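Asks: Sharing a model that was predicted from the sequence below.
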Amino acid sequence: MYRKENSAQMILDGFYAPFAERLSPDNRWVKLSDKMPWDIIEEEYLRNIQPEKGRPSISSRIAFGACFIRNGEKFSDERTVLAIAENPYMQYFLGLKEFNPEPLFDPSMMVHFRKRFPVNFVSDVNEYICSGKWPEGSRNVDRNNDDNDNNNDGNAPEATPDIKDNQGNLIIDATVAPANIKYPTDIDLLNKSREHLEKAISLLWNEVPHKGHMLPYNKKSARKSFLNLSKCKKWTRKKVSKAISEQLRYIELASCRLDELKIQVTYHDKLFPTWLKNRLEVIPDVYAQQKEMFESGKNSCENRIVSLEQPHVRPIVRGKRPNPTEFGQKVHLSVVNGYVYLEQTSWENFNESTDLIPCAEDYKRKFGFYPKAILADKIYQTKANKKYCKERGIRLSGRSLGRKNPEQKEAESEQMYRDSCERNWVEGKNGLLKTRYGMSRVMCKLDESAKSDLVFAILAMNAVRKLREDILRLFRKIGFLPIACCAIQCCESA
């Protein structure tokens, strides 16, 4: 059930807060409340709930605002609830009419909030904050979503003859947002799988008549087989192969015993907790992959599972030090005039060079013209991309084809140096997202929650930049630029 409330914020002077007469209109949360499209957010919120049935839901403004506060302040779910209960400015941002010292909701509700705001919608809100208008016909940024067309086939549309003069620069780059998982090893995954199977067998064993042993093997011996390798200082190929073969055999025996007990207990699903049910669904796939790699002697397989808790996480081979392989979602970002846009996100390792053409077309959709230059690294400099940029008068960073005289080579080298300096902007944004807004380790475990959490971080970063620009624009008009710097610091620390 959902009771629609008036989204119009009451006047600032009417908000009652203890220990103070009135709230400051210069506070960042007060200013951010005027920039959010609350009516559109409520429409999206209503699509994922039943407005006529059940208990009244928490309002859309509280749900969306809580997710924004969490990423903007780099809080956990529990810390977010406590901060909202302590801060009257945050409560004003959430649409409350007076200060409430009690928690507005349970921290576990944050998981449901993130589910109700998919990554594509939050990406549209981010574009609205950056440009000031709601996007029409925006592209799908979730590559794992097969329901929509990703437009990433690499085929360039036909060039339109009546295009406007190209303006601005488009800076694009890809990075990885690591998930909060332990560094995976094959033996560790197999050991956890065996322990979860033994836990399920022990729950069913209490419901059947005891005949013989509960397990078809010695549990202590299976544990010792794992510890002989995990505690060993030097892992040799022979030791690893022996330990994996033993764990595979233990998993096979435990799976057969679990199937036998399931036949005897018809209500076995009620005995297993939710987390154990999810693990038991993943274990057969892990066993099949590990057995395939063990028998074939390979170290990789398709759609390899590296975590029982988050089976959607995939290894992303980047080849960069100090972590050549990262485990999380691969993110393709673009930077235009200092604002960051999410172009694509996926748990699979995709080639970002095929996304240059859709990025350029999306740039035209946003601003009405193609970019004057696309600044990207060497992986984007394919023949298809160069041909596409040449037909539309776009300069693609990097060396051009053909022979050149010494003067042309020197001019091209200077241009490449200037492009590399300007392209550092996207590297700085990646670093800011990872150090300040929590993209270095995404704590959400669900597929859709982790993606929404990432785009909320981008939204929070762009919103802060928007406030800075508003302050600078205001003080430039009155000629007090040094005061603007102080006001920015106050805005960030409020």
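Replies: Looks like it came in fine.

Asks: which stretches of the stretch 351-494 of the chain form helices?
Replies: 356-367, 383-391, 406-435, 447-478, 481-493 (DSSP state H, counting those that start in this stretch).

Asks: Hmm, I typed the wrong one, I wanted the stretch 151-300 of the chain.
Replies: Listed in chain order, the helices of the stretch 151-300 of the chain (DSSP H, counting those that start in this stretch) span 186-205, 219-230, 237-264, 268-271, 274-296.

Asks: quick check: domain ranges of the protein?
Replies: 12-116, 138-181+321-458, 186-309 (automatic domain parsing).

Asks: so which of the ones you listed comes closest to Ile478?
Replies: Across these, the minimum distance to Ile478, taken as Cβ to Cβ, is reached by domain 12-116, at 14.7 Å. C-betas here are computed from N, CA, C, even on glycine.

Asks: and that closest one, what's its mean pLDDT?
Replies: Domain 12-116 carries an average pLDDT of 88.

Asks: and the end-to-end length of that domain?
Replies: Domain 12-116 stretches 29 Å from its first residue to its last (Cα to Cα, to the nearest Å).

Asks: Could you check how far it is from the centre of its chain?
Replies: 21 Å (Cα atoms, centre = their mean, to the nearest Å).

Asks: Same check on stretch 213-227?
Replies: With Cα atoms, centre = their mean, you get 39 Å for stretch 213-227.

Asks: Pretty sure Lys378 sits against Arg399.
Replies: No. Using Cβ atoms under 8 Å, Lys378 is not in contact with Arg399, being 9.2 Å away.

Asks: ok, these two, which is more surrounded?
Replies: Arg399 (13 against 10; other Cβ atoms under 10 Å).

Asks: hang on, the more buried one packs against Gln415?
Replies: No. Contact criterion Cβ under 8 Å: Arg399 and Gln415 do not qualify, at 9.8 Å.

Asks: got JSON lines for the helices of the stretch 351-494 of the chain, with mean neighbour count, distance to Pro216 and mean pLDDT too?
Replies: Listed next are the helices of the stretch 351-494 of the chain as JSON lines, based on neighbours: other Cβ atoms under 10 Å; distance: least, Cβ to Cβ, whole Å; pLDDT from 0 to 100:
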{"stretch": "helix 356-367", "mean neighbour count": "20", "distance to Pro216": "54", "mean pLDDT": "94"}
{"stretch": "helix 383-391", "mean neighbour count": "16", "distance to Pro216": "57", "mean pLDDT": "92"}
{"stretch": "helix 406-435", "mean neighbour count": "14", "distance to Pro216": "47", "mean pLDDT": "91"}
{"stretch": "helix 447-478", "mean neighbour count": "19", "distance to Pro216": "35", "mean pLDDT": "89"}
{"stretch": "helix 481-493", "mean neighbour count": "13", "distance to Pro216": "62", "mean pLDDT": "51"}
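
Asks: Turn the ones you listed into JSON lines, including distance to Lys97.
Replies: Formatted as JSON lines, the helices of the stretch 351-494 of the chain follow (distance: least, Cβ to Cβ, whole Å):
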{"stretch": "helix 356-367", "distance to Lys97": "36"}
{"stretch": "helix 383-391", "distance to Lys97": "53"}
{"stretch": "helix 406-435", "distance to Lys97": "34"}
{"stretch": "helix 447-478", "distance to Lys97": "23"}
{"stretch": "helix 481-493", "distance to Lys97": "24"}
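
Asks: For Asp124, which of the ones you listed is the nearest?
Replies: helix 447-478 (9.8 Å).

Asks: Centre of the chain to that closest one, how far?
Replies: Put simply, helix 447-478 sits 17 Å off its chain's centre (Cα atoms, centre = their mean).

Asks: Use 44 as the first number from now on
Replies: Yep, numbering from 44; the last one is helix 490-521 now.

Asks: same for it, what does it pack against?
Replies: Applying 3 or more Cβ pairs under 8 Å, 6 or more residues apart in numbering; DSSP states H and E, we find helix 490-521 packed against helix 71-78, helix 103-115, helix 152-159, helix 162-174, strand 368-379, strand 382-389, helix 449-478, helix 524-536.

Asks: sorry, back to before: among the helices of the stretch 394-537 of the chain, which comes closest to Ala51?
Replies: helix 490-521 (20.6 Å).

Asks: and the nearest residue to Trp81 once chain neighbours are set aside, helix, strand or coil?
Replies: Computed as Cβ to Cβ, 6 or more residues apart in numbering, the closest residue to Trp81 that is not its neighbour in sequence is Ser50, at 4.6 Å. For Ser50, the assignment made with DSSP: H, G, I helix; E, B strand; the rest coil gives coil.

Asks: Does Ser50 touch Ile83 like I think?
Replies: No. Shown here, Ser50 and Ile83 do not form a contact pair, counting by Cβ under 8 Å, at 9.8 Å.

Asks: follow-up on the earlier one: indicate which one of the domains of the chain is closest to Val165.
Replies: domain 181-224+364-501 (4.4 Å).

Asks: Tell me if Pro358 really is in a strand.
Replies: Yes. Counting by three-state DSSP, one finds Pro358 located in a strand.

Asks: Quick check: beta-bridge partners of it?
Replies: Here Pro358 sits in beta bridges with Phe370, as judged by DSSP bridges.

Asks: Give me the pLDDT for it.
Replies: On pLDDT, Pro358 comes in at 94.

Asks: returning to that earlier point: who's in contact with the residue nearest to Trp81?
Replies: By Cβ atoms under 8 Å, 6 or more residues apart in numbering, the contact list for Ser50 reads 81-82, 85, 104, 138.

Asks: Just the closest of the residues you listed to Gly411, please.
Replies: Asp82 (25.3 Å).

Asks: right, and the helices of the stretch 394-537 of the chain - which one's nearest Lys281?
Replies: Using Cβ to Cβ, those put helix 490-521 closest to Lys281, at 38.0 Å.

Asks: ranking the helices of the stretch 194-343 of the chain by burial, who's on top?
Replies: Most buried of these, by mean neighbour count (mean count of other Cβ atoms under 10 Å): helix 229-248, with a mean of 20.

Asks: Alpha carbons of that one, as CSV, please.
Replies: Presented in CSV, the C-alpha positions along helix 229-248 are these (Å, rounded to 0.1, in the frame of the first residue of the first chain):
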residue,chain,number,x,y,z
ASP,A,229,39.9,-23.0,-6.0
ILE,A,230,40.6,-24.9,-2.8
ASP,A,231,38.8,-22.4,-0.7
LEU,A,232,35.7,-22.4,-2.8
LEU,A,233,35.6,-26.2,-2.7
ASN,A,234,36.1,-26.3,1.1
LYS,A,235,33.3,-23.8,1.6
SER,A,236,31.0,-25.8,-0.7
ARG,A,237,31.8,-29.0,1.3
GLU,A,238,31.1,-27.2,4.6
HIS,A,239,27.7,-25.9,3.4
LEU,A,240,26.7,-29.3,2.2
GLU,A,241,27.6,-30.8,5.6
LYS,A,242,25.6,-28.1,7.3
ALA,A,243,22.5,-29.0,5.2
ILE,A,244,23.0,-32.7,5.9
SER,A,245,23.2,-32.1,9.6
LEU,A,246,19.9,-30.2,9.5
LEU,A,247,18.1,-33.1,7.7
TRP,A,248,19.8,-35.8,9.8
